[in-house]
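Engineer: Quick one: sequence and predicted model below, then my questions.
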Amino acid sequence: MNLQTLSIVLLVISYAQAFHYIKLVQYVDDHQEEYVEALRDWVAIESDSSNIQKRPELHRMMEMVAQKLRLMGGTVELVDIGEQELPDGQTITLPKVVTAQFGSDPSKHTVCVYGHVDVQPAKLEDGWATDPYNLTDISGNMYGRGTSDNKAPVLAWIHAVKAYQALSMVLPVNVKFLIEGMEETGSNGLDAMILAQRDTFLSDVDYIIISDCGWLSRRPALTYGTRGNCYFFAEVEGPKQDLHSGVYGGAVIEPMTDLIGILDTLISPSGRILIPGIQEAVAPLSDEEWKMYQDIEFDVNHFKNKTGVNHLMYNNKVDLLAHRWRYPTVSIHGIMGAFSDPGTKTVIPAKVTAKFSIRQVPDMDPATVKKQVTHYLHSVFAKRKSPNKLKVTMVIGAKPWLADTQHPLYEAGKAAIKRVFNMEPDLIREGGTIPIARTFQDVTGKSIIMMPIGGFDDGMHSQNEKMSRYNYIEGTKLFIAYLNEVAQITKTSG
Ligand SMILES: CC(C)C[C@H](N)C(=O)NCC(=O)O
C-alpha cells in the first residue's frame, strides 16, 4: 500500500471511529434514566461487608450483578471463595466473586475491569440527610451508600459494554469483569482466588482497569498509586464482667484506661508515628515526585473548607498531598465494648477492643509492620504494670500499589479524557486502599490503570455519600472512549 492509500485508509478508519463514538454517546445520553434506575436498585441492597448480619444481602447483591451480566450474554461465573474466619473463631461464607467475559477474539487486547459492590456501614442516625439505601437525587447529586464507592462506577463499566451491544457494534477489546463483595474489609479470599485463576480466567488478560477512587478536583484524573492498610484490633480484658464505677472505681485497674493509654502512644499530636521502625521504612520523597505534586492544581483552602476543619496538618500543597498519598498515617476508628449510647451509664467495661489502622506506603511491608506494632504495644503496656490482658491482632494487611505513568495505558487514558472532557487529566495518587491492586500486579505481572469517575467531594465512607449524575453519565462515555483507545495500543506493550 502506498503512502497516499494508507493515509486515505487511516482517515476512513478515524471517521468511522468518530461516527461510532457519536452514536455511542447519543445512546448513553438517551439511556440516562435507565442507568439511574439501575443504580437505585443496587443502592437499595444493604451490602455491608463489615456486618455479618447483612451477609444475606451481600449474597443477593452478588447474584444481582451476575444476573445483569448474564442477561447481556456474558460468560458468567459466581466463584466460591470459601469461608471467612471471624475474630471469635466462627466462620461465615464469603460472598462469591462474579467473573464475566465479553468477547474472546485473540487478535484483540483483553482488559479486566475490577470493581466491588460491597459498602461501608451507614445508618440514617449517623447524620445522613436522606435514607442511605434509597437513592435520592438532589440538584444533580445522587445520594446513597455505595453510590461512588463503588456501585456507580461498576455500573458505568457494564453500561459502556451494553451500549456497544445495543448498537450492534463490536467491542474494540475483549472485556472481562471481576467483581467482588469484600473490598471494604480487605478483600478476604480474593488473593487466593486470583492466584488460583492466574492461568485460567486471568491468563489472557492484558490490562487491569480499576475505577474505585475519585478525582482530586473538578478536573478528571488518572490514579497511579494507592496506599495499603494494616488494620489492627487491640483488646484489653480485665474483670470477668462490667462493673459499677461507684462501687468498684478506685479498686480495679480499668481496661479502658489501659487501652486509651496505649493508643495515645501510637501517634504524636503533630502526626508523627511513634512506633519504632515505621517512619524509617518510608521511601524518601524524590525531586521528581515533589515537582509532580507542585504542578498539580489543588487549592488547599478549598480542601480545608470542604472538609469542615479550621486547621490542617499541613498548609502547603506539596506537604498536604504527600501526607495524603505517600506517607503513612495512624487512624483510630473506634472502641468496641465501650459505652457509646446517649445517656450517662456509669460502667467500667470489662473488655474493650480498639480498632485502628496504619496506611502503608512504599517501602513498608505489612508483615514487618504487624511485628513492629505488636511488639511496641506490648512493651508500652508492660510499662503500665497492669494486671489486665492485652491481645493485638492484625486483621487486614494490604500492600501499597504504584504504577508507571509512562505506560501506554496512561497515554490511552489521557486521550480518552481529552475526547470526553476536552482537557488534560491530573495524574494523582490515592490515600485510600484497594487491597487487590498490588496482588493483581504481583500475581499476573500485568499493568494496571486506575481511572476514577468519582468526584472529589463524594463523601466515600462518610455521611451523605453521593455520585453526581454528571460524573456517572460522562464517566460511562469515558469508559466507552477508553475501550477504543486501549484497542489502539500496539499488541507488544506489556
Ligand atoms: C478511595 C479508596 C481507594 C476507595 C476504596 N473503595 C476504599 O474505600 N478502600 C478501603 C479503604 O479503607 O481505603
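Structural biologist: Received it, and whenever you're ready, just let me know what you need. Note that the coordinates shown come from a computational prediction; the quantities given were computed from them, not determined experimentally.
Engineer: So what touches stretch 138-145?
Structural biologist: 36, 39-40, 43, 46, 119-120, 122, 128-130, 132-137, 152, 464-470, 472 (CB atoms under 8 Å, 6 or more residues apart in numbering). Glycine gets a C-beta too; all of them are placed from N, C-alpha and C.
Engineer: ok, now stretch 124-131?
Structural biologist: Contacts for stretch 124-131 (CB under 8 Å, 6+ apart): 122, 132, 136, 138, 143-144, 463-464.
Engineer: Need the buried ones from the contacts of stretch 138-145 selected in PyMOL.
Structural biologist: This is how PyMOL selects the buried members of these, with burial counted by 16 or more other CB atoms under 10 Å:
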select buried, resi 36+39+40+43+46+119+120+122+128+132+133+135+136+152+464+465+466+467+468+469+472
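Engineer: Please enumerate the helices of the stretch 101-250 of the chain.
Structural biologist: Along the stretch 101-250 of the chain, the segments classed as helices by DSSP state H, counting those that start in this stretch run 152-166, 190-196, 245-248.
Engineer: Format the ones you listed as TSV; extra columns: distance to Phe233 and mean pLDDT.
Structural biologist: TSV is the format used below for the helices of the stretch 101-250 of the chain (distance: least, CB to CB, whole Å; pLDDT from 0 to 100):
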stretch	distance to Phe233	mean pLDDT
helix 152-166	30	98
helix 190-196	20	97
helix 245-248	25	98
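Engineer: ok, and the closest non-adjacent residue to Glu63?
Structural biologist: Leu78 (7.2 Å; CB to CB, 6 or more residues apart in numbering).
Engineer: quick one: secondary structure of that neighbour?
Structural biologist: strand (DSSP: H, G, I helix; E, B strand; the rest coil).
Engineer: quick one on the thing from earlier: can you list the helices of the stretch 101-250 of the chain in a markdown table and add distance to the ligand?
Structural biologist: Output for the helices of the stretch 101-250 of the chain, formatted as a markdown table (distance: least, CB to the nearest ligand atom, whole Å):
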| stretch | distance to the ligand |
| --- | --- |
| helix 152-166 | 10 |
| helix 190-196 | 13 |
| helix 245-248 | 35 |
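Engineer: what's the most buried one of these?
Structural biologist: helix 152-166 (a mean of 24; mean count of other CB atoms under 10 Å).
Engineer: Can I get it as PDB, trimmed to CA atoms?
Structural biologist: Extracted C-alpha coordinates of helix 152-166, given in PDB (Å, rounded to 0.1, in the frame of the first residue of the first chain):
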ATOM      1  CA  ALA A 152     -22.000   3.600  40.100                       C
ATOM      2  CA  PRO A 153     -18.500   3.100  38.600                       C
ATOM      3  CA  VAL A 154     -19.100  -0.700  38.200                       C
ATOM      4  CA  LEU A 155     -22.500   0.000  36.600                       C
ATOM      5  CA  ALA A 156     -20.900   2.600  34.300                       C
ATOM      6  CA  TRP A 157     -18.500   0.000  33.000                       C
ATOM      7  CA  ILE A 158     -21.300  -2.500  32.500                       C
ATOM      8  CA  HIS A 159     -23.400   0.100  30.700                       C
ATOM      9  CA  ALA A 160     -20.400   1.000  28.500                       C
ATOM     10  CA  VAL A 161     -20.300  -2.600  27.200                       C
ATOM     11  CA  LYS A 162     -24.000  -2.700  26.900                       C
ATOM     12  CA  ALA A 163     -24.000   0.400  24.700                       C
ATOM     13  CA  TYR A 164     -21.800  -1.300  22.200                       C
ATOM     14  CA  GLN A 165     -24.000  -4.300  22.200                       C
ATOM     15  CA  ALA A 166     -27.200  -2.400  21.900                       C
END
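Engineer: tell me what that helix is packed against?
Structural biologist: Counting contacts by 3 or more CB pairs under 8 Å, 6 or more residues apart in numbering; DSSP states H and E, helix 152-166 packs against helix 3-30, helix 32-43, helix 55-71, strand 110-116, strand 174-180, helix 469-487.
Engineer: Among the contacts of stretch 124-131, which are located in strands?
Structural biologist: Using DSSP state E, the members of the contacts of stretch 124-131 that fall in strands are 136, 138, 143.
Engineer: Would you tell me which one of those residues comes nearest to Glu235?
Structural biologist: Tyr143 (35.9 Å; CB to CB).
Engineer: For the closest residue to Ile253 other than its chain neighbours, what is the enclosing helix or strand?
Structural biologist: Distances taken as CB to CB, 6+ apart put Ser386 closest to Ile253, at 5.2 Å, once the chain neighbours are dropped. Using DSSP states H and E, Ser386 sits in no helix or strand.
Engineer: Looking from the ligand, tell me which residue of this structure is nearest.
Structural biologist: Of the residues in the chain, the one nearest the ligand is Gly432, at a distance of 2.7 Å by CB to the nearest ligand atom.
Engineer: Pull the number of nearby residues for that residue.
Structural biologist: 17 (other CB atoms under 10 Å).
Engineer: cool, and Met64?
Structural biologist: For Met64, the count of nearby residues is 17 (other CB under 10 Å).
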